[in-house]
Structure formats: structure tokens, C-alpha cells
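Chemist: Please work out how this folds:
(4 chains)
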Protein chains: 2
Amino acid sequence: MAGLPSDPNLRPKIAVDAVVLSFSGREFQTYLVQPRDISATGKWACPGGLVKVSETLDDAARRELSAAGLAADTYLEQLFTFGNPSRDPGAHVVSVAYLTLLASQRQSSTPAEKYTRGSWFGVAALPELAYDHSMMVRLGLARVQAKLGYTNIARNLLPHSFSFSDLESLYSCSLGRPLDRRNFRRRIMAMGILRRVPALRRGNHRPAQLYRFLKRTPQTVQIL
Amino acid sequence: MAGLPSDPNLRPKIAVDAVVLSFSGREFQTYLVQPRDISATGKWACPGGLVKVSETLDDAARRELSAAGLAADTYLEQLFTFGNPSRDPGAHVVSVAYLTLLASQRQSSTPAEKYTRGSWFGVAALPELAYDHSMMVRLGLARVQAKLGYTNIARNLLPHSFSFSDLESLYSCSLGRPLDRRNFRRRIMAMGILRRVPALRRGNHRPAQLYRFLKRTPQTVQIL
DNA sequence: CCAAAAGTGTTGGCTCTACACCCATGA
DNA sequence: TCATGGGTGTAGAGCCAACACTTTTGG
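Modeler: Residues are numbered from 1 along each chain as shown, chains lettered A, B, ... in the order given. Reported below is the predicted structural model:
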């Protein structure tokens, strides 16, 4: 097969893009940036860029997260690799999409020079996205929603300690329907993946008992 | 942040590799080839090769399946993208691993010149594999086993029509434990994903009623 | 007639869901 | 004292797992 001269310029380039998700307490949000080189289009994009030689894909993803002004020590998971030759009009760029989860919106620094700005958007009302990034965000969201059902991935979307109501809002938002508080609590408790922390959250109302996840490593358990 | 000259030669190359699985009736098997360029090592590998510019990843995978002497009109699903710089000692090659399922061992033609030979192996006793292909096969197998539990993916591992016992062997082999025939049949039947075909399979013993999957498209249903 | 695979129901235990009221706090 | 979110138990229904014998065929 193939007889074309193997000019390296004729190979597809390879990039990583990160779908950055967090949960605000009321909705899922995603962090988007405006790349300087396409800022004329007004489109937003997921943080991302080309992979360097001798660099791990994960490393590339973390490097791009830093460049976007985000913490890089986050949960990171490969989502899907997009290779449609026409996904980037400029050149054939194969992109490995990553999913990353942030507990709070702890946006550390300001984005690097390659971006004009960055901002959080509710996933229900996204702006127009460049390339196939809209598909990536949808896929990332679907993955999180699925994994909430059978893993302890929630720990990456919540602060270190949280109330049962926090956890319930997350699940209820993910499922798009209300949950029965008693049944939800019983079920989660029965799994033994949470630990009471000796603290209450005080607010305008009755204080809430706080919990944290027992294991900080990814764990598969049937939750829903 | 990189300041290296962006010499295209310094970009990782991109390849696809296909984990080819089938079910013999007693065990899962995978199809491996011996690439001519590493035949001295005696190692086997999954069919695969570099992606061409302006080619879809799926197209590349199907092209490589053909080159390995397999039918290309098979179930194909992206598995994972392996990008460790040291996975190929020769150069930094990022590989998009695919999973493909074959109903019977319908190996059509003989492999292209790039391979010295191809052969099926039971997954329990694999030869030594090149690169990180052993990990790929394990991952592919795990994916199939998981998906048997919540999709109709079994249709891609069985012939067009099959007996209930065939289906049961597949599941029982996938789970690594015997299944209760009555419970299994009731459960599958209740889902309405099968259709009786007006034919029996005759053999040395009592003839078996044959069935086929109602939908030929991928479908998510809770099976186990 | 024998060996081997195909086919078929019932029951008890367990899990899941539905459901409503009181409590603690700050304002 | 009121508004707001936090916390708690039970009962009925449905689901699931365990379990063994008869049938059909070819040799």
C-alpha cells in the first residue's frame, strides 16, 4: 500500500485538548479560553496545544492546563482521540482529548500569552466553540455523568469535605432529576466510601455534618 | 513553555493499532501478526501502522486491518491512545489503539508484505508481544468484557444466528464463572433484544433453537 | 439404550422505592 | 418566630438467585 514519499511534513500533527469541568453547586461548568491565533473569530476553545516529542500525552495535557492558568495537579483522564482531517481547517491535527475535573473553581494564575483570556461557562449555555471542541465538551460531560454512577469520581468535583446535600446536588444535577434524600443517603452510606469528618458546616441554617471520601484513589463501586 | 524550533521532524508520529478479538466458543482469541521489520525479535504485534495525512483514524484502522488479511467491515471502536515516548524504541510514535471484533475467524486473505505471517492466539496464552501491545490486548479484552454487561456488543462476536447456549458460553467465558441457564435465558428474553429465527441447529444432540439480535446497531441495555 | 446438550417454573430473600415530619440555626 | 436547609424510618412491591428434572437427538 501507500507509495507516497514519507515526507514528515505530510504526517498529521498531534495535539492534546483538555475538557475542564467543575460543579458550581447548581450546574456543571467548563473552563474555556480564547486562543490568540483565532481570536478574530471570537470563538472559544478548550485549553490545548501540540504535543512535543519525547513528552507523555498526560504531561502535555498538564502542561497545557498550566498554560491556561489552571492547577495541573488535577484528576486527568483520557477521553477520546479526534482525528478527522477536517476538524482543523489549517492542517491535519489529531487531538487527544482529556477530561479534567476541578473541585472548586480554583483558577490559579492568568492564562499564558497564547490566550487572550479564559472564563468559566455553564455547560447549558456554551458560546460558540472552535474546531470540534463542542463535541469534546459534550463527550466529557457525558463521561462524568456516567462515571458518577459507578465510581467515586465525585471526590474530584467536590471540596475536601462536603455535606450530604452537596453530594446530593451533584448527583441530582448529573441525573437531571431530583433524588430522594433518605434513599440516597442510605445507599451512599451502605457503600462505606465516605468518612465523617469531625466538623460541621455552619451557615444561615441548621449546620450540616461534613464528610470526605475515604479513598483518594479512583475506585469502582456501583452507586446508582 | 518550549522554545525549541518547531522542526516537523521533532513531532511525534501517529499510528493506529488494532486489537482484533473473536470468540471461539471456548475462549477469546486475538489475531496477531509478525511485522517484517521486527521479525528478528520473534515478537508478535497487533496489526497497525502510521496514519496518513488527510485520513480518518477509523479509515487508517480499517486500512491496517485489510493489510493484515482481515475483513475491514467489522465492529470498530476506539480503545485508548498510547503516547509514552519510549513505547517504541525507534521513535516517538503515538498510537491510537482500536478494538475490533470478528464473529467467526473469517480471516479472508493473507497478510500484506509488511507482515511475515498472522495467526490467532488464545488470550490466556499469548506469545511475547512487541511495543506495549500486550497492554493493548489486555485493555481490549477488558473493554469487551465490560461492554458485554451493558450493550448488545455480543452480536459482533457471534455468527448471524446462534443458539442460547452459544450466547451463554460467551457470557460465562467473559465472566469467568458458570451462569444459571434458566436465569440467564429469562433475563435475556425479558430484554427483547433477540429474535427467534425459524431454524434449528442440528448436531449430535437435541437440536437448538436459533436466534439473532434484533438490532444490528450498537445499543445500550443493562444485561448483567 | 445411552450420552450429551436443550429446554423449562417456583419460591424465599433481599433490595429498592415511595413517602412526611421534626430539628437546628441565624436573621 | 420564621424561613431555610438538615436529618431520620418503615412498609409494600418487584427483582434476583437458587434450585433439578424432562426432552430430543445421534450414535
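
Chemist: Tell me the bridge partners for residue A:78.
Modeler: In this entry, residue A:78 is beta-bridged to residue A:98, by DSSP bridges.

Chemist: ok, it - how many residues close by?
Modeler: For residue A:78, the number of neighbouring residues by other Cβ atoms under 10 Å in any protein chain shown comes to 17. No exception for glycine: its C-beta is placed from N, CA and C like everyone else's.

Chemist: That one touches residue B:78, doesn't it?
Modeler: No: under the criterion of Cβ atoms under 8 Å, residue A:78 is not in contact with residue B:78, lying 10.2 Å apart.

Chemist: now the helices for chain A?
Modeler: Using DSSP state H, the helices found in chain A span residues A:57-67, A:133-148, A:164-175, A:181-191.

Chemist: quick one: which of these is nearest residue A:95?
Modeler: helix A:133-148 (8.2 Å; Cβ to Cβ).

Chemist: Quick check, residue A:47 in contact with residue A:65.
Modeler: Yes: with contact defined as Cβ under 8 Å, residue A:47 reaches residue A:65; the gap is 6.1 Å.

Chemist: Show me the common contact partners of the two, please.
Modeler: Overlap between the contact sets of residue A:47 and residue A:65, as judged by Cβ atoms under 8 Å, 6 or more residues apart in numbering or on different chains, is given by A:18, A:20.

Chemist: got the contact list for residue A:124?
Modeler: Residues in contact with residue A:124 (Cβ under 8 Å, 6+ apart) are residue A:27.

Chemist: no, scratch that, I was asking about residue A:188
Modeler: For residue A:188, the residues meeting the contact criterion (Cβ under 8 Å, 6+ apart) are A:164, A:167, A:194, A:223.

Chemist: what number of residues lie near the third one?
Modeler: When you say that, I think you mean residue A:194. Residue crowding around residue A:194 was assessed by other Cβ under 10 Å; the count is 19.

Chemist: List the single closest residue to it in space, sequence neighbours excluded.
Modeler: residue A:211 (4.5 Å; Cβ to Cβ, 6 or more residues apart in numbering or on different chains).

Chemist: coming back round to it: report the lowest-confidence entry in the contacts of residue A:188.
Modeler: Looking at the contacts of residue A:188 by pLDDT, the weakest one is residue A:223, with 82.

Chemist: ok, how many other residues are close to that one?
Modeler: The burial metric for residue A:223, expressed as a neighbour count using other Cβ under 10 Å, is 18.

Chemist: Give me the neighbour count for the residue nearest to it when sequence neighbours are not counted.
Modeler: Using Cβ to Cβ, 6+ apart and skipping the chain neighbours, the partner closest in space to residue A:223 is residue A:149 (5.7 Å). The tally of other residues near residue A:149 (other Cβ under 10 Å) stands at 14.

Chemist: Residue A:149 contacts residue A:224, correct?
Modeler: Yes: with contacts counted by Cβ under 8 Å, residue A:149 reaches residue A:224, the gap being 4.3 Å.

Chemist: how about the residues of chain A that lie near DNA strand C?
Modeler: Taking Cβ under 7 Å from any atom of the strand, the part of chain A that reaches DNA strand C is made up of A:180-183, A:186-187, A:202-207.

Chemist: So which of those wins on neighbours?
Modeler: The member of those that has the most neighbours, counting by other Cβ under 10 Å, is residue A:187 with 14 neighbours.

Chemist: Near the residue nearest to residue A:194, how many other residues are there?
Modeler: The tally of other residues near residue A:211 (other Cβ under 10 Å) stands at 21.

Chemist: do you know how far whichever residue of chain A sits closest to DNA strand C is from residue A:131?
Modeler: Ranked by Cβ to the nearest atom of the strand, the top residue of chain A for proximity to DNA strand C is residue A:206, at 3.1 Å. With distances defined as Cβ to Cβ, to the nearest Å, the gap from residue A:206 to residue A:131 amounts to 48 Å.

Chemist: So which residues of chain A form strands?
Modeler: With strands called from DSSP state E, chain A shows them at A:13-23, A:28-35, A:48-50, A:75-82, A:93-102, A:115-122, A:162-163, A:194-201, A:208-213.

Chemist: quick one: which of the ones you listed is nearest residue B:144?
Modeler: Closest approach to residue B:144 among the strands of chain A is made by strand A:75-82 (18.0 Å; Cβ to Cβ).

Chemist: Now do the closest one, average pLDDT.
Modeler: Averaging pLDDT along strand A:75-82 gives 98.

Chemist: quick one on the thing from earlier: and among the helices of chain A, the most buried is which?
Modeler: Of all those, helix A:57-67 has the most neighbours on average by mean count of other Cβ atoms under 10 Å in any protein chain shown, namely a mean of 22.

Chemist: Walk me through the domains of chain A.
Modeler: Following automatic domain parsing, one gets these domains for chain A: A:13-150, A:160-213.

Chemist: so does the last one get close to DNA strand D?
Modeler: Yes: using Cβ under 7 Å from any atom of the strand, domain A:160-213 reaches DNA strand D at A:163-165, A:180-183, A:185-186, A:204-209.
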